[in-house]
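A.B. asks: would you be able to build a 3D model of this:
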Amino acid sequence: MAADSERYIFEAEWYDKVSFTLKKFYLYFFPSDNSVELFDLKTRKTFLRRSKCNGVESKDFYVGAMVTIFSRNIKITNFADQATKKKLSSKRVKTYVILKPNIINKLGEILKTISDYDFHISNLRMGQINLEDANEIFESTSDKLITLIECIIAGPVILLVLLSEDTTVRLQKLTTTFEENSISNGIYISDNKDEINFFSSEENIKQKIKSSAKLQNCTCCIIKPHAVQAKLFGPIIIDIQKANFIISAVEQFYINSVNSEEFLEVYKGVLPDYAAMVSELQSGVCFAMEITHSDAQLDIVSEFRKFCGPMDPEMARQLRPNTLRAKYGKTRIQNAVHCSDLSDDGLLEVEYFFQILNKN
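C.D. replies: Model prediction:
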């Protein structure tokens, strides 16, 4: 097959909030020029003729991904043919990594290292695994079972699902870096077939890795999609942890248009940027975090909001140059992070992500 005609075909869906319908497509991706085509499965007609789409690359196309195609957030639900499945399954391999409780305070450094080696994070979830579930998950890892399980159940862990090409070489380099930084004992990379099959199920992950959100004395922080796409999540989390804030829960989310509007509804009619804020939040994957502090008397919402800085990054760079938005923001909309504004909003926003959306 000529390079120009090589294509991947996926089953995909998009919620049309104008007609309030879930539209299903065949999504064609042509890696030679990053062009896409959409075929409507209901009408049996071409919805979008082959067009070059800026901002998408071959690595963005995998089952479970959300890709933004001309302002439409399209979710890839499955492979549409065996040729695509065979080719991508051989080229892109998933790696399952567990960060043990003793290493959570270095989360930012670990995520930065992972992205530096060009691993794509296709899932991230922090939570607690109880003894019964740990025994079930790791029952075939007999040679290191007891020590591993004792570590896993000692506190919250983070599961990372990484996607990459040339996985073996990248993993060797990544492991070497972790060893050089003396943190390899806090990281478990699964190579067990049964464990890999278990973690391949999103339902298993949600059931067995129960949210670690404390839901008290907390505030909400969201690393926005543009910052995730720019691989700024590592440096942002490094800064948060260095400032002695505690990330007590973190999870990767895709926010659809309905949930994006609902979450940001408090700004409707208040900020002229509301529509643009909604579009940004639903434009790709984001990282939602529950932020706490060891000082229970601290006004966590107020202090963390100060740490994020003014909404406008230009103003932040002039007035508070060391804040997150000053360092990582681009515009008022793409300002790197969302944070809770009012004291009552902190808990409500954390609950929205870690209770309401987690049930969906």
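
A.B. asks: tell me which residues in stretch 22-38 are buried?
C.D. replies: By neighbour count on 16 or more other C-beta atoms under 10 Å, the buried set for stretch 22-38 is Lys23, Phe25, Tyr26, Leu27, Tyr28, Phe29, Phe30, Ser35, Val36, Glu37, Leu38. C-beta here means a position set from N, CA and C on the backbone, and glycine is covered the same way.

A.B. asks: between all of those, which two are separated the most?
C.D. replies: Greatest spacing in the buried residues of stretch 22-38, by C-beta to C-beta: Lys23 and Phe30 (21.2 Å).

A.B. asks: would you format the buried residues of stretch 22-38 as TSV with secondary structure included?
C.D. replies: TSV is the format used below for the buried residues of stretch 22-38 (DSSP: H, G, I helix; E, B strand; the rest coil):
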residue	secondary structure
Lys23	strand
Phe25	strand
Tyr26	strand
Leu27	strand
Tyr28	strand
Phe29	strand
Phe30	strand
Ser35	strand
Val36	strand
Glu37	strand
Leu38	strand
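
A.B. asks: beta partners for Phe79?
C.D. replies: Here Phe79 sits in beta bridges with Phe10, going by DSSP bridges.

A.B. asks: what number of residues lie near it?
C.D. replies: When neighbours are counted by other C-beta atoms under 10 Å, Phe79 registers 19.

A.B. asks: what sits against the residue nearest to Ile300 when sequence neighbours are not counted?
C.D. replies: Nearest residue to Ile300 in three dimensions, chain neighbours excluded: Thr219, at 5.0 Å (C-beta to C-beta, 6 or more residues apart in numbering). Shown in contact with Thr219 (C-beta atoms under 8 Å, 6 or more residues apart in numbering): Glu290, Ile291, Ile300, Val301, Phe304, Arg305, Cys339, Ser340, Gly346, Glu349, Val350.

A.B. asks: so where's this structure uncertain?
C.D. replies: 1-5, 140-146, 360 (pLDDT under 70).

A.B. asks: apply 50 and report the result again.
C.D. replies: 1-2 (pLDDT under 50).

A.B. asks: let me see the domain layout of it.
C.D. replies: 3-89, 92-210, 219-359 (automatic domain parsing).

A.B. asks: Asp194 belongs to a helix?
C.D. replies: Yes. Secondary structure of Asp194 (three-state DSSP): part of a helix.

A.B. asks: any idea how far Ile137 is from it?
C.D. replies: 9 Å (C-beta to C-beta, to the nearest Å).

A.B. asks: Asn105 now?
C.D. replies: For Asn105 relative to Ile137 (C-beta to C-beta), the value is 24 Å.

A.B. asks: quick revisit: which of the contacts of Thr219 fall in helices?
C.D. replies: Ile300, Val301, Phe304, Arg305, Gly346, Glu349, Val350 (DSSP state H).

A.B. asks: what's the neighbour count on Asn135?
C.D. replies: Neighbours around Asn135, by other C-beta under 10 Å: 13.

A.B. asks: how much space separates it from Leu148?
C.D. replies: Asn135 is 11 Å from Leu148, by C-beta to C-beta.

A.B. asks: next, the contact list for Val161, please.
C.D. replies: Lys94, Thr95, Tyr96, Val97, Ile121, Ser122, Asn123, Leu124, Phe199 are the contacts of Val161 under C-beta under 8 Å, 6+ apart.

A.B. asks: secondary structure element for the nearest residue to Asp312 once chain neighbours are set aside?
C.D. replies: Spatial nearest neighbour of Asp312, chain neighbours left out: Arg332 (5.0 Å); criterion: C-beta to C-beta, 6+ apart. Here Arg332 sits in a region with no helix or strand, counting by DSSP states H and E.

A.B. asks: residues touching Arg332, list them.
C.D. replies: Here Arg332 is in contact with Asp273, Met311, Asp312, Pro313 (C-beta under 8 Å, 6+ apart).

A.B. asks: isn't the second one right up against Ala326?
C.D. replies: In this case it means Met311. No. Using C-beta atoms under 8 Å as the test, Met311 is too far from Ala326 to be in contact (11.3 Å).

A.B. asks: follow-up on the earlier one: compare Asp194 and Ile137 (neighbour count), which wins?
C.D. replies: It is Ile137, of Asp194 and Ile137, that has more neighbours when counted by other C-beta under 10 Å, with 23 against 13.

A.B. asks: next, give phi and psi for that one.
C.D. replies: phi -70, psi -40 (degrees, to the nearest 10).

A.B. asks: host element of the spatially closest residue to it that is not a sequence neighbour?
C.D. replies: The spatially closest residue to Ile137, leaving aside those adjacent along the chain, is Phe198, at 5.7 Å (C-beta to C-beta, 6+ apart). Using DSSP H and E, Phe198 falls within helix 193-199.

A.B. asks: cheers, nothing more for now.
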